[in-house]
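Peer 1: Give me the fold of what follows.
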Amino acid sequence: MYTKPAEKKESMQEKEDFMAQIPIVDLSGNQAALVCVVVHTGNYFKKLAQTIDKVDEERYDAEAKVKKTDKEIEDLKMKVVEIQGIKKPALKKVRMSADAMLAALLGTKHKASMDFRANLKEVKKEVKEEEEVGDWRKNVDEQAGMDGRKKKF
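Peer 2: Coordinates of the predicted model:
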């Protein structure tokens, strides 16, 4: 990441200002004074850590509330859509021949004919000879056979 020289100077100035605010600790004193300084800074860091923990908890709670309200908003939006119902716009009736529809879809360069009747094959109808359903007794007489001898049931 490239930073401009002016931005570098500003960041260096901010660092110097911050470091100037920190008090300089004199470590040349006796041991009791040093222990007091260490204990004092240790308490300061404990308080700082507790403050950071509180801020993190508050941030987490705020994020949880935001997520919950966002979900509630989405649910309410869905309910509104369900209550209103989805209205479909009325379609306009357009009369168009098949050739005009193909020309509109394919463009004017393509010329295709939709004359389906010209492409049909001729099919000859087969006439089925249906057996005449007549008197069943006549059929029995014919099937009886046996050299003129007829059996009747």
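Peer 1: where's Q13 relative to K4, distance?
Peer 2: The gap separating Q13 from K4 is 14 Å, by CB to CB, to the nearest Å. The way it works is simple: take the backbone N, C-alpha and C, and place the C-beta from them, glycine included.
Peer 1: make that V94, sorry
Peer 2: 62 Å.
Peer 1: what does F18 give?
Peer 2: 21 Å.
Peer 1: Could you do I83 as well?
Peer 2: Distance, I83 to K4, using CB to CB: 56 Å.
Peer 1: cool, and K71?
Peer 2: 43 Å.
Peer 1: for the chain, which helix is longest?
Peer 2: Counting by DSSP state H, the longest helix found in the chain is helix 31-84.
Peer 1: mind checking how far stretch 83-93 is from the chain centre?
Peer 2: In terms of CA atoms, centre = their mean, to the nearest Å, the gap separating the centre of stretch 83-93 from the centre of its chain is 23 Å.
Peer 1: same deal with stretch 12-20?
Peer 2: With CA atoms, centre = their mean as the basis, stretch 12-20 stands 51 Å off its chain's centre.
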